[in-house]
Every structure is written in C-alpha cells, then in structure tokens.
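Show me the folded form of this:
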Amino acid sequence: MTASDLYIKQIPVGPMQNFAYLIGSQSRGECFAVDPAWEPQKVIDEAANDQMKIKGLLVTHYHQDHCGGSYGGHQIPGVAELHATLGVKVYANTHEVDGIIKVTGLAKNDFHICHGGDVLDVGGINLKLIHTPGHTPGSQCLLCESRLISGDTLFISGCGRVDLPGGNGPQLYESLRKISTLPGDTEVLPGHHYDPQATASLDYIKKVNPYLREATVEGFRSLREKPRET
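Have a look, this model is predicted:
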C-alpha cells in the first residue's frame, strides 16, 4: 500500500470537545473507529458517507468521554452500542480492558486485547499501537505512517491530567519522552479540540507545548516529582 491509500477522518463529537477518528484503507473501504463516544451514529454515518466499513473499535483509554458509559449521572453512548450494532471487536490495551468493562458493561470476550508494539492490519494499512501510560495505566496512541492519534496523552499545547484514578506523573513523563523521539513531521491528532488548530506537527508542538518541550531536556523534574495537569 502507498501513503495515498491511507484514509483518515477527524470527527468532532459531544459537548467536551472530543475527537473521534476513522482510519484505514481507502481502496478497500475498511477502517477502524477510534474513541467513538457521544455520537456513535454520527461515526457510522461518516463512514457510510465515505463508503467505508468499520472493522473494529479502538479505544485510547477507558474514560467515558472516549469510550462511553455512565458519567455524572448520564449515560454516554459509545463502544457498547457500536459493538451491539456492528458486531466488531473492541481493541484496547491489556491494562485498560477492566476499566472499559467497568464503565461500559461490555464482556471480556468482546475485546481484542492489545499490547504496546502490536501492529493491527485494516485493509492492508498497518496501525502501530504505542503504550503511553500516565493519563491512565493502559493509555495508548496509534501511529500510522506519519500520523499519530494521541488520545489524551498529548494535546497540541498540553498533556493529559494525572490526578484521576490510575494517573501517574512519572509514567506520563516517560510516555512524552517516547513520543518526542518520533520524526518531527509526524502529524499529531489529539483526543480533544482544546487548541485553535485541530492538528499540528510534532516539531510545532515541541515549540509551543511546555510539557513536550521539557520532555526532551533534563528540566522536566516538576512532572516527574509533582504531577501537573492540563
């Protein structure tokens, strides 16, 4: 497959400025849906409009605004409803599966359990999973060619908070260091639209994001020793 065959679509969903994504092969009409919470029918419709078939559901982490579930007395639709409608597996890191089960009510056999370094194939397009703990224990990013879907691990001008259950500042520090070694022209596609632009290159983010900038030098002790949040 060539780079031109890559299909990727960023979809704004819900009231918390979330992004869901579709990513896969244009020529074969197959894709995964990433973090399809809040408006699962919108995700289905976007895929159908582009003549794409959703072959799997990938979750970056277990927080309800990304995978659905009970939140603040409300029920957010997401992967459980899409699994019931489409009959496809939910792909999540092994450290995150129990959290997703707890908030969504899915069963263990509804999952394809993933590990850092796994490569998923969708229509001949390779999707590499990068385990990036810190925001949650099983947070993962998805790397495909020169695109990185970063969930809540990295935003354009910030990073995921570490004061929620499972958050860990030193782990997030190491995860950001790992991301910072990717090529500078990598396009980062975050889990929320917290910045004026919806995507940015890693080189640009290193210039404007104090968390990632500090992850490349020795002076990142504040996040290592006393977790900060965004």
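
quick one: residue 40 and residue 14, what's the gap?
Separation of residue 40 from residue 14 (Cβ to Cβ, to the nearest Å): 11 Å. C-beta coordinates here come from the backbone N, C-alpha and C atoms, glycine included.

Look at these two and report which has more neighbours.
residue 40 (25 against 18; other Cβ atoms under 10 Å).

how about stretch 169-180: buried residues?
Under the neighbour-count criterion of 16 or more other Cβ atoms under 10 Å, stretch 169-180 has 169, 171-176, 178-180 buried.

actually stretch 89-102, not the one I wrote
89-97, 99-101.

can you redo the residues you listed as TSV with pLDDT and secondary structure?
Shown next, in TSV, are those (pLDDT from 0 to 100; DSSP: H, G, I helix; E, B strand; the rest coil):
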residue	pLDDT	secondary structure
89	98	coil
90	98	strand
91	98	strand
92	98	strand
93	98	strand
94	98	coil
95	98	coil
96	98	coil
97	98	helix
99	97	helix
100	97	helix
101	97	helix
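
Angles on the backbone of the nearest residue to residue 68 once chain neighbours are set aside, please.
In space, and not counting its chain neighbours, residue 68 is closest to residue 78: 1.9 Å by Cβ to Cβ, 6 or more residues apart in numbering. In terms of degrees, to the nearest 10, the main-chain angles of residue 78 are phi -170, psi -130.

Report the separation between residue 78 and residue 55.
17 Å.

now swap in residue 74 and tell me
Separation of residue 74 from residue 55 (Cβ to Cβ): 29 Å.

Look at the two and report which has more neighbours.
residue 55 (20 against 8).

Who is the closest residue to that one other than its chain neighbours paired with across the strands?
Nearest residue to residue 55, sequence neighbours excluded (Cβ to Cβ, 6+ apart): residue 30, at 5.0 Å. Assessed by DSSP bridges, residue 30 has beta-bridge partners residue 25, residue 53.

how many other residues sit next to residue 30?
20.

same question, residue 86
Residue 86 has 17 nearby residues by other Cβ under 10 Å.

for residue 75, same thing?
Quick note: residue 75 (other Cβ under 10 Å) scores 12 neighbours.

and if you look at residue 181?
Residue 181: 9 neighbours (other Cβ under 10 Å).

about what we covered before: columns distance to residue 186 on top of the buried residues of stretch 89-102, output as JSON lines?
Output for the buried residues of stretch 89-102, formatted as JSON lines (distance: Cβ to Cβ, whole Å):
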{"residue": "89", "distance to residue 186": "27"}
{"residue": "90", "distance to residue 186": "26"}
{"residue": "91", "distance to residue 186": "21"}
{"residue": "92", "distance to residue 186": "23"}
{"residue": "93", "distance to residue 186": "20"}
{"residue": "94", "distance to residue 186": "25"}
{"residue": "95", "distance to residue 186": "24"}
{"residue": "96", "distance to residue 186": "23"}
{"residue": "97", "distance to residue 186": "27"}
{"residue": "99", "distance to residue 186": "28"}
{"residue": "100", "distance to residue 186": "27"}
{"residue": "101", "distance to residue 186": "32"}
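
any idea which of the residues you listed is closest to residue 206?
Closest approach between the buried residues of stretch 89-102 and residue 206, by Cβ to Cβ: residue 93, at 25.5 Å.

any idea of the pLDDT on the most centrally placed residue in the chain?
When Cα atoms, centre = their mean is applied to the chain, the residue found nearest the centroid is residue 151 (3.2 Å). According to the prediction, residue 151 has pLDDT 98.
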